[in-house]
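1. pasted the sequence and its predicted model underneath.
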Amino acid sequence: MILILRSLVRGRFLLMTIGFGIIIAAVLVGSALLAGTPQATLGSKIIPSPSTAPAGPPQRYILAEGSSADDVADQLEELGIIRSAAQFKILASLLGLQNRLVSGVYTLQPGDSTISILRRITVVGEVVPTIRITFPEGLRIEEMAEIAQQAGFGPAEEFIAAAREVELPLTLGVGLPEGVGNEGYLFPDTYIVPLGSSAAELVALMAETLHLRFSADLREAAARQGLTPHEVLTLASIVEREVAIAEERAVVAGIFFNRLEAFDRLGADATVQYCIATDLSSVEAYGWWKPGSDLTLGDLDCDSPYNTRRYTGMPPGPIASPGLASIAAVVYAEDTQYYYYVVDTRANDNSHCFAVTFEEHDDPNRCEKINQ
(Lines give C-alpha, C1' and ligand atoms only; values in the text may rest on other atoms or scores of the structure.)
Protein backbone atom coordinates (compact mmCIF):
# COMPACT_ATOMS: atom_id res chain seq x y z
CA MET A 1 0.00 0.00 0.00
CA ILE A 2 1.45 3.36 -1.02
CA LEU A 3 -0.01 6.65 0.12
CA ILE A 4 1.41 10.08 -0.66
CA LEU A 5 0.75 12.39 2.26
CA ARG A 6 1.53 16.09 2.47
CA SER A 7 3.80 16.58 5.43
CA LEU A 8 5.73 19.21 7.29
CA VAL A 9 8.94 17.24 7.12
CA ARG A 10 11.15 19.52 5.02
CA GLY A 11 13.37 18.21 2.22
CA ARG A 12 13.13 14.47 2.94
CA PHE A 13 10.85 11.45 2.76
CA LEU A 14 9.41 9.85 5.88
CA LEU A 15 9.35 6.05 5.55
CA MET A 16 7.04 4.14 7.90
CA THR A 17 6.47 0.39 7.80
CA ILE A 18 3.08 -0.77 9.07
CA GLY A 19 2.56 -4.54 9.04
CA PHE A 20 3.07 -5.55 5.41
CA GLY A 21 2.21 -2.07 4.07
CA ILE A 22 4.57 0.79 3.39
CA ILE A 23 3.58 4.41 3.64
CA ILE A 24 5.81 6.89 1.88
CA ALA A 25 5.16 10.40 3.11
CA ALA A 26 6.44 12.81 0.48
CA VAL A 27 7.24 16.38 1.30
CA LEU A 28 4.99 18.80 -0.53
CA VAL A 29 5.51 22.30 0.78
CA GLY A 30 2.25 24.23 0.36
CA SER A 31 1.04 27.69 1.07
CA ALA A 32 0.35 26.79 4.68
CA LEU A 33 4.03 25.98 5.19
CA LEU A 34 5.18 29.10 3.42
CA ALA A 35 3.02 31.11 5.76
CA GLY A 36 4.67 29.40 8.70
CA THR A 37 1.49 27.74 10.03
CA PRO A 38 2.00 24.39 11.81
CA GLN A 39 -0.10 22.33 9.42
CA ALA A 40 -0.38 21.16 5.81
CA THR A 41 -3.28 19.85 3.78
CA LEU A 42 -4.33 16.68 1.98
CA GLY A 43 -7.16 17.67 -0.31
CA SER A 44 -9.62 19.38 1.99
CA LYS A 45 -8.16 17.74 5.12
CA ILE A 46 -5.87 19.57 7.50
CA ILE A 47 -2.93 17.45 8.61
CA PRO A 48 -1.47 18.58 11.96
CA SER A 49 2.30 18.68 12.11
CA PRO A 50 3.90 15.39 13.22
CA SER A 51 4.40 15.84 16.93
CA THR A 52 4.52 13.75 20.06
CA ALA A 53 3.47 14.32 23.62
CA PRO A 54 6.19 15.06 26.17
CA ALA A 55 7.91 11.91 27.39
CA GLY A 56 6.66 10.56 30.69
CA PRO A 57 6.06 7.37 32.64
CA PRO A 58 4.07 4.59 30.92
CA GLN A 59 0.30 4.99 31.20
CA ARG A 60 -2.30 2.26 31.58
CA TYR A 61 -5.04 2.72 28.99
CA ILE A 62 -8.29 0.76 28.71
CA LEU A 63 -9.68 0.61 25.18
CA ALA A 64 -13.32 -0.24 25.75
CA GLU A 65 -15.26 -2.51 23.42
CA GLY A 66 -17.22 -0.38 20.96
CA SER A 67 -14.99 2.69 21.27
CA SER A 68 -14.67 4.77 18.13
CA ALA A 69 -11.37 6.15 16.85
CA ASP A 70 -12.60 9.62 17.85
CA ASP A 71 -13.31 8.40 21.41
CA VAL A 72 -9.83 6.89 21.66
CA ALA A 73 -8.11 9.97 20.23
CA ASP A 74 -9.80 12.29 22.71
CA GLN A 75 -9.02 9.98 25.65
CA LEU A 76 -5.35 9.59 24.67
CA GLU A 77 -4.93 13.35 24.33
CA GLU A 78 -6.59 13.92 27.71
CA LEU A 79 -4.23 11.40 29.31
CA GLY A 80 -1.21 13.11 27.74
CA ILE A 81 -0.24 10.03 25.74
CA ILE A 82 -0.54 11.88 22.43
CA ARG A 83 -0.23 15.59 21.76
CA SER A 84 -2.95 15.93 19.12
CA ALA A 85 -6.27 14.08 18.96
CA ALA A 86 -6.86 15.69 15.56
CA GLN A 87 -3.66 14.16 14.19
CA PHE A 88 -4.61 10.73 15.55
CA LYS A 89 -8.10 10.89 13.99
CA ILE A 90 -6.84 11.93 10.58
CA LEU A 91 -4.04 9.36 10.48
CA ALA A 92 -6.42 6.61 11.60
CA SER A 93 -8.80 7.60 8.79
CA LEU A 94 -6.10 7.92 6.13
CA LEU A 95 -4.63 4.55 7.05
CA GLY A 96 -8.03 2.85 7.22
CA LEU A 97 -7.53 1.89 10.86
CA GLN A 98 -10.53 3.59 12.45
CA ASN A 99 -12.53 0.35 12.41
CA ARG A 100 -9.65 -1.95 13.36
CA LEU A 101 -9.27 -1.07 17.02
CA VAL A 102 -8.64 -3.98 19.39
CA SER A 103 -10.22 -3.60 22.83
CA GLY A 104 -8.03 -4.40 25.79
CA VAL A 105 -5.79 -2.99 28.50
CA TYR A 106 -2.60 -1.41 27.18
CA THR A 107 0.50 0.18 28.62
CA LEU A 108 1.31 3.13 26.36
CA GLN A 109 4.33 5.40 26.43
CA PRO A 110 3.79 9.17 26.26
CA GLY A 111 6.24 10.55 23.72
CA ASP A 112 5.87 7.65 21.30
CA SER A 113 4.79 8.62 17.80
CA THR A 114 1.12 8.56 16.87
CA ILE A 115 1.91 5.91 14.25
CA SER A 116 3.54 3.72 16.90
CA ILE A 117 0.55 4.03 19.21
CA LEU A 118 -1.86 3.27 16.36
CA ARG A 119 0.09 0.10 15.63
CA ARG A 120 -0.23 -0.98 19.27
CA ILE A 121 -4.01 -0.70 19.48
CA THR A 122 -5.14 -1.76 16.01
CA VAL A 123 -5.03 -4.88 13.86
CA VAL A 124 -2.46 -4.02 11.19
CA GLY A 125 -0.87 -6.52 8.83
CA GLU A 126 -0.59 -9.77 10.74
CA VAL A 127 -3.67 -10.53 12.80
CA VAL A 128 -3.16 -10.15 16.54
CA PRO A 129 -4.14 -13.37 18.39
CA THR A 130 -7.32 -12.66 20.31
CA ILE A 131 -9.91 -14.30 22.52
CA ARG A 132 -13.61 -13.76 21.92
CA ILE A 133 -15.83 -14.00 25.00
CA THR A 134 -19.54 -13.28 25.38
CA PHE A 135 -21.34 -12.40 28.61
CA PRO A 136 -25.16 -12.47 28.30
CA GLU A 137 -27.24 -9.88 30.10
CA GLY A 138 -28.56 -10.57 33.59
CA LEU A 139 -25.72 -12.60 35.09
CA ARG A 140 -24.21 -12.45 38.56
CA ILE A 141 -20.46 -11.97 38.93
CA GLU A 142 -20.09 -15.66 39.81
CA GLU A 143 -21.74 -16.68 36.54
CA MET A 144 -19.51 -14.32 34.58
CA ALA A 145 -16.51 -15.81 36.37
CA GLU A 146 -17.49 -19.29 35.21
CA ILE A 147 -17.66 -18.08 31.59
CA ALA A 148 -14.27 -16.39 31.93
CA GLN A 149 -12.75 -19.55 33.37
CA GLN A 150 -14.08 -21.65 30.49
CA ALA A 151 -12.61 -19.13 28.03
CA GLY A 152 -9.15 -19.47 29.54
CA PHE A 153 -8.89 -16.43 31.82
CA GLY A 154 -7.77 -18.46 34.80
CA PRO A 155 -9.72 -19.74 37.80
CA ALA A 156 -13.14 -18.23 38.44
CA GLU A 157 -11.87 -17.01 41.81
CA GLU A 158 -9.43 -14.65 40.05
CA PHE A 159 -12.26 -13.03 38.10
CA ILE A 160 -14.40 -12.69 41.24
CA ALA A 161 -11.52 -11.12 43.18
CA ALA A 162 -10.81 -8.70 40.33
CA ALA A 163 -14.50 -7.77 40.13
CA ARG A 164 -14.53 -6.92 43.83
CA GLU A 165 -11.43 -4.75 43.54
CA VAL A 166 -11.91 -3.05 40.16
CA GLU A 167 -11.80 0.74 40.33
CA LEU A 168 -15.00 2.16 38.87
CA PRO A 169 -14.99 5.31 36.72
CA LEU A 170 -15.83 8.25 38.96
CA THR A 171 -19.00 9.09 37.03
CA LEU A 172 -20.41 5.64 37.81
CA GLY A 173 -19.25 5.57 41.42
CA VAL A 174 -21.53 8.47 42.35
CA GLY A 175 -24.16 7.29 44.81
CA LEU A 176 -22.48 3.93 45.45
CA PRO A 177 -23.22 3.07 49.09
CA GLU A 178 -20.29 2.16 51.29
CA GLY A 179 -19.78 -1.58 51.58
CA VAL A 180 -21.75 -2.45 48.44
CA GLY A 181 -19.77 -4.50 45.94
CA ASN A 182 -19.45 -4.07 42.20
CA GLU A 183 -22.28 -6.41 41.20
CA GLY A 184 -23.94 -4.95 38.11
CA TYR A 185 -20.97 -2.80 37.09
CA LEU A 186 -19.47 -5.19 34.53
CA PHE A 187 -21.14 -4.58 31.19
CA PRO A 188 -22.52 -7.70 29.47
CA ASP A 189 -21.26 -7.81 25.88
CA THR A 190 -19.06 -9.71 23.44
CA TYR A 191 -15.41 -8.83 24.00
CA ILE A 192 -12.49 -9.50 21.68
CA VAL A 193 -9.28 -9.04 23.64
CA PRO A 194 -5.62 -9.85 23.01
CA LEU A 195 -4.57 -13.40 23.82
CA GLY A 196 -2.96 -13.54 27.23
CA SER A 197 -5.14 -10.85 28.81
CA SER A 198 -5.66 -11.46 32.52
CA ALA A 199 -8.96 -11.72 34.37
CA ALA A 200 -8.19 -8.37 36.01
CA GLU A 201 -7.65 -6.74 32.61
CA LEU A 202 -10.91 -8.22 31.32
CA VAL A 203 -12.82 -6.95 34.36
CA ALA A 204 -11.32 -3.47 33.99
CA LEU A 205 -12.36 -3.47 30.33
CA MET A 206 -15.93 -4.49 31.23
CA ALA A 207 -16.24 -1.72 33.82
CA GLU A 208 -14.90 0.84 31.36
CA THR A 209 -17.29 -0.41 28.69
CA LEU A 210 -20.21 0.18 31.07
CA HIS A 211 -18.99 3.76 31.44
CA LEU A 212 -19.00 4.09 27.64
CA ARG A 213 -22.43 2.51 27.07
CA PHE A 214 -24.12 4.14 30.08
CA SER A 215 -23.42 7.40 28.32
CA ALA A 216 -23.33 10.96 29.61
CA ASP A 217 -26.68 11.56 27.89
CA LEU A 218 -28.28 8.67 29.79
CA ARG A 219 -26.70 9.76 33.08
CA GLU A 220 -27.93 13.33 32.57
CA ALA A 221 -31.44 12.09 31.75
CA ALA A 222 -31.38 9.99 34.92
CA ALA A 223 -30.18 12.94 37.00
CA ARG A 224 -33.10 15.04 35.76
CA GLN A 225 -35.36 12.42 37.36
CA GLY A 226 -33.39 12.46 40.59
CA LEU A 227 -31.71 9.10 39.95
CA THR A 228 -28.05 8.31 40.54
CA PRO A 229 -26.23 5.89 38.20
CA HIS A 230 -26.25 3.35 41.05
CA GLU A 231 -30.02 3.58 41.43
CA VAL A 232 -30.49 3.20 37.68
CA LEU A 233 -28.28 0.11 37.57
CA THR A 234 -30.04 -1.36 40.59
CA LEU A 235 -33.50 -1.04 39.04
CA ALA A 236 -32.22 -2.02 35.59
CA SER A 237 -30.76 -5.24 36.98
CA ILE A 238 -34.17 -6.20 38.36
CA VAL A 239 -35.88 -5.32 35.07
CA GLU A 240 -33.27 -7.46 33.29
CA ARG A 241 -34.06 -10.49 35.41
CA GLU A 242 -37.84 -9.98 35.44
CA VAL A 243 -38.51 -9.18 31.78
CA ALA A 244 -37.69 -11.14 28.63
CA ILE A 245 -39.74 -9.16 26.08
CA ALA A 246 -38.02 -5.97 24.93
CA GLU A 247 -41.14 -3.84 24.61
CA GLU A 248 -42.19 -4.70 28.18
CA ARG A 249 -39.06 -3.39 29.88
CA ALA A 250 -40.10 0.26 30.09
CA VAL A 251 -43.58 -0.78 31.28
CA VAL A 252 -42.20 -2.87 34.14
CA ALA A 253 -39.76 -0.09 35.03
CA GLY A 254 -42.77 2.25 35.23
CA ILE A 255 -44.54 -0.26 37.47
CA PHE A 256 -41.56 -0.29 39.84
CA PHE A 257 -41.65 3.50 40.12
CA ASN A 258 -45.40 3.33 40.77
CA ARG A 259 -44.87 0.76 43.52
CA LEU A 260 -42.09 2.73 45.17
CA GLU A 261 -44.25 5.84 45.22
CA ALA A 262 -47.41 4.09 46.46
CA PHE A 263 -46.08 1.29 48.68
CA ASP A 264 -42.31 1.93 48.98
CA ARG A 265 -41.88 -1.73 48.05
CA LEU A 266 -40.75 -3.31 44.77
CA GLY A 267 -41.90 -6.88 45.49
CA ALA A 268 -39.75 -8.44 42.74
CA ASP A 269 -39.15 -12.19 42.77
CA ALA A 270 -35.75 -11.75 41.12
CA THR A 271 -34.48 -10.15 44.32
CA VAL A 272 -35.69 -13.19 46.27
CA GLN A 273 -33.75 -15.41 43.88
CA TYR A 274 -30.64 -13.30 44.45
CA CYS A 275 -31.12 -13.51 48.21
CA ILE A 276 -31.49 -17.28 48.46
CA ALA A 277 -28.41 -17.89 46.30
CA THR A 278 -26.34 -17.21 49.41
CA ASP A 279 -27.43 -20.75 50.37
CA LEU A 280 -25.01 -23.00 48.47
CA SER A 281 -27.36 -25.97 48.81
CA SER A 282 -29.95 -23.97 46.86
CA VAL A 283 -27.33 -23.11 44.22
CA GLU A 284 -26.37 -26.78 43.90
CA ALA A 285 -30.02 -27.78 43.49
CA TYR A 286 -31.32 -24.97 41.28
CA GLY A 287 -28.35 -22.94 40.03
CA TRP A 288 -27.85 -19.28 40.81
CA TRP A 289 -31.47 -18.40 39.93
CA LYS A 290 -34.04 -20.70 41.44
CA PRO A 291 -37.08 -20.78 39.09
CA GLY A 292 -39.91 -18.51 40.20
CA SER A 293 -42.35 -21.41 40.08
CA ASP A 294 -40.24 -23.24 42.69
CA LEU A 295 -40.03 -20.38 45.19
CA THR A 296 -41.50 -21.27 48.59
CA LEU A 297 -43.02 -19.09 51.30
CA GLY A 298 -39.77 -19.58 53.20
CA ASP A 299 -37.84 -18.28 50.19
CA LEU A 300 -40.03 -15.20 49.99
CA ASP A 301 -39.12 -14.42 53.61
CA CYS A 302 -35.35 -14.65 52.97
CA ASP A 303 -33.71 -12.23 55.40
CA SER A 304 -31.61 -9.85 53.33
CA PRO A 305 -31.98 -6.17 52.39
CA TYR A 306 -31.84 -7.40 48.79
CA ASN A 307 -35.18 -9.17 49.28
CA THR A 308 -37.72 -6.60 48.10
CA ARG A 309 -40.58 -8.88 49.08
CA ARG A 310 -39.59 -8.43 52.72
CA TYR A 311 -37.87 -5.03 52.85
CA THR A 312 -39.06 -1.64 51.65
CA GLY A 313 -37.32 0.64 49.19
CA MET A 314 -34.69 -0.39 46.71
CA PRO A 315 -32.09 -3.05 47.49
CA PRO A 316 -28.56 -1.88 48.33
CA GLY A 317 -27.35 -2.47 44.78
CA PRO A 318 -27.80 -4.37 41.52
CA ILE A 319 -28.53 -8.09 41.56
CA ALA A 320 -26.98 -8.75 38.13
CA SER A 321 -25.41 -6.95 35.18
CA PRO A 322 -28.10 -5.23 33.10
CA GLY A 323 -27.82 -4.62 29.38
CA LEU A 324 -28.24 -1.26 27.71
CA ALA A 325 -31.93 -1.89 26.90
CA SER A 326 -32.79 -2.33 30.58
CA ILE A 327 -30.72 0.70 31.59
CA ALA A 328 -32.54 2.82 29.01
CA ALA A 329 -35.90 1.35 30.11
CA VAL A 330 -35.35 2.67 33.64
CA VAL A 331 -34.10 6.07 32.50
CA TYR A 332 -37.04 6.40 30.09
CA ALA A 333 -39.61 4.38 32.03
CA GLU A 334 -43.16 4.37 30.71
CA ASP A 335 -45.69 6.46 32.59
CA THR A 336 -48.16 3.65 33.21
CA GLN A 337 -51.31 3.07 35.22
CA TYR A 338 -50.25 -0.48 36.09
CA TYR A 339 -48.97 -1.72 39.44
CA TYR A 340 -48.90 -5.48 38.83
CA TYR A 341 -47.67 -7.94 36.22
CA VAL A 342 -47.68 -11.71 35.86
CA VAL A 343 -46.35 -14.11 33.24
CA ASP A 344 -48.99 -15.03 30.66
CA THR A 345 -48.76 -18.83 30.77
CA ARG A 346 -50.89 -19.13 27.64
CA ALA A 347 -48.37 -17.32 25.45
CA ASN A 348 -45.27 -19.50 25.98
CA ASP A 349 -43.01 -16.54 25.27
CA ASN A 350 -42.47 -15.16 28.81
CA SER A 351 -44.68 -12.15 28.07
CA HIS A 352 -46.77 -10.61 30.84
CA CYS A 353 -50.30 -9.54 31.63
CA PHE A 354 -50.61 -6.23 33.48
CA ALA A 355 -53.13 -5.05 36.05
CA VAL A 356 -54.03 -1.83 37.82
CA THR A 357 -55.50 -3.31 41.02
CA PHE A 358 -54.54 -6.27 43.16
CA GLU A 359 -58.03 -7.72 42.62
CA GLU A 360 -57.41 -7.81 38.87
CA HIS A 361 -53.96 -9.26 39.43
CA ASP A 362 -55.26 -11.95 41.83
CA ASP A 363 -58.04 -13.13 39.50
CA PRO A 364 -57.19 -16.62 38.10
CA ASN A 365 -58.62 -15.51 34.76
CA ARG A 366 -56.79 -12.19 34.81
CA CYS A 367 -55.00 -12.60 31.49
CA GLU A 368 -58.16 -13.48 29.59
CA LYS A 369 -60.02 -10.51 31.09
CA ILE A 370 -57.18 -8.04 30.69
CA ASN A 371 -56.58 -8.97 27.08
CA GLN A 372 -60.25 -8.82 26.06
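-> That came through fine.
2. next, residue 59: phi, psi?
-> phi -120, psi 140 (degrees, to the nearest 10).
3. hmm, I was thinking of residue 331
-> phi -60, psi -40.
4. pretty sure residue 292 contacts residue 268?
-> No - assessed by Cβ atoms under 8 Å, residue 292 is found out of contact with residue 268, at 10.3 Å. Any C-beta I mention is one placed from the backbone N, CA and C, and that applies to glycine too.
5. looking at these two, which is more packed in?
-> Between residue 292 and residue 268, counting by other Cβ atoms under 10 Å, residue 268 is the more crowded of the two (23 against 14).
6. per-residue confidence for the more buried one?
-> pLDDT, the model's per-residue confidence, is 97 for residue 268.
7. repeat that for residue 253.
-> Looking at residue 253, its pLDDT is 98.
8. next one: residue 232
-> 96.
9. who's in contact with it?
-> Residues near residue 232 by Cβ atoms under 8 Å, 6 or more residues apart in numbering: 214, 218, 222, 327, 330-331.
10. what of residue 227?
-> Contacts of residue 227 (Cβ under 8 Å, 6+ apart): 330-331.
11. roughly how far does it sit from residue 235?
-> 8 Å (Cβ to Cβ, to the nearest Å).
12. shared neighbours of these two, anything?
-> residue 330.
13. can you give the domain ranges for this structure?
-> Recorded structural domains for the chain (assignment: automatic domain parsing) are 14-121, 130-213, 216-370.
14. ranking the ones you listed by mean pLDDT, which is last?
-> Among the domains of the chain, domain 14-121 scores lowest, with a mean of 68.
15. same for the one helix or strand residue 78 maps to, what does it pack against?
-> If you go by DSSP states H and E, residue 78 is part of helix 69-79. Using 3 or more Cβ pairs under 8 Å, 6 or more residues apart in numbering; DSSP states H and E, the elements in contact with helix 69-79 are strand 59-63, helix 85-94.
16. give the pairing partners of the helix or strand just after the last one; include direction for each.
-> Where DSSP H and E defines the elements, the next helix or strand beyond helix 85-94 is strand 104-108. Strand partners for strand 104-108, identified by DSSP bridges, are recorded as strand 59-63 (antiparallel).
17. buried sites along the partner strand?
-> For strand 59-63, burial by neighbour count (16 or more other Cβ atoms under 10 Å) applies to 61-63.
18. can you tell me the centre-most residue of this protein?
-> residue 210 (2.5 Å; Cα atoms, centre = their mean).
19. now what about the helix or strand hosting it, what contacts it?
-> If you go by DSSP H and E, residue 210 is part of helix 199-213. Under the contact criterion Cβ under 8 Å, 6+ apart, helix 199-213 has outside partners 62-67, 71, 103-105, 133, 135, 148, 153-154, 158-159, 162-163, 165-169, 171-172, 182, 185-187, 189, 191, 193, 197, 324, 327.
20. what's the angle between that helix and helix 69-79?
-> Interaxial angle, helix 199-213 versus helix 69-79 (axes from the mean of the first three to the mean of the last three Cα atoms, to 10 degrees): 110 degrees.
21. how close does residue 326 sit to residue 333?
-> When residue 326 is compared with residue 333 (using Cβ to Cβ), they lie 11 Å apart.
22. find residues that contact each of the two.
-> The contact lists of residue 326 and residue 333 share residue 253, where a contact means Cβ under 8 Å, 6+ apart.
23. so between those two, which is more surrounded?
-> Per other Cβ under 10 Å, whichever of residue 326 and residue 333 has more neighbours is residue 326, with 30 against 22.
24. so what's the more buried one up against?
-> Taking Cβ under 8 Å, 6+ apart, one finds 137, 236-237, 239-240, 243, 249, 253 in contact with residue 326.
25. which SSE is it in?
-> Judged by DSSP H and E, residue 326 forms part of helix 324-331.
26. now that helix against helix 199-213, angle please.
-> Using the same axes, to 10 degrees: helix 324-331 against helix 199-213 is 50 degrees.
27. name every strand pairing with the next helix or strand along the chain from helix 324-331 and say which way it goes.
-> Once helix 324-331 ends, the next helix or strand along the chain (criterion: DSSP H and E) is strand 340-343. Strand 340-343 has these partner strands in its sheet, going by DSSP bridges: strand 352-355 (antiparallel).
28. contacts for the strand it pairs with next, please.
-> 243, 245, 248, 251-252, 255, 336, 338-344, 361, 366-367, 370-371.
29. which is the next helix or strand following it?
-> helix 358-362.
30. now that next one, how far from the centre of its chain.
-> 38 Å (Cα atoms, centre = their mean, to the nearest Å).
31. which parts of that helix are buried?
-> Here helix 358-362 shows 360-361 as buried, counting by 16+ other Cβ under 10 Å.
32. which helices and strands sit right next to it?
-> Against helix 358-362 (3+ Cβ pairs under 8 Å, 6+ apart) you get strand 340-343, helix 366-370.
33. so can I have JSON lines of the buried residues of strand 59-63 showing distance to residue 141?
-> Formatted as JSON lines, the buried residues of strand 59-63 follow (distance: Cβ to Cβ, whole Å):
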{"residue": "61", "distance to residue 141": "24"}
{"residue": "62", "distance to residue 141": "19"}
{"residue": "63", "distance to residue 141": "23"}
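34. quick one: which of the residues you listed is nearest to residue 281?
-> residue 62 (38.6 Å; Cβ to Cβ).
35. compute the distance between the closest residue to the closest one other than its chain neighbours and residue 286, please.
-> Once flanking residues are discounted, residue 62 sits nearest to residue 208: 4.3 Å by Cβ to Cβ, 6 or more residues apart in numbering. For residue 208, the distance to residue 286 equals 33 Å [Cβ to Cβ].
36. so which of those two has more stuff around it?
-> Each of residue 208 and residue 286 has its neighbours counted (other Cβ under 10 Å); residue 208 has more, 24 against 16.
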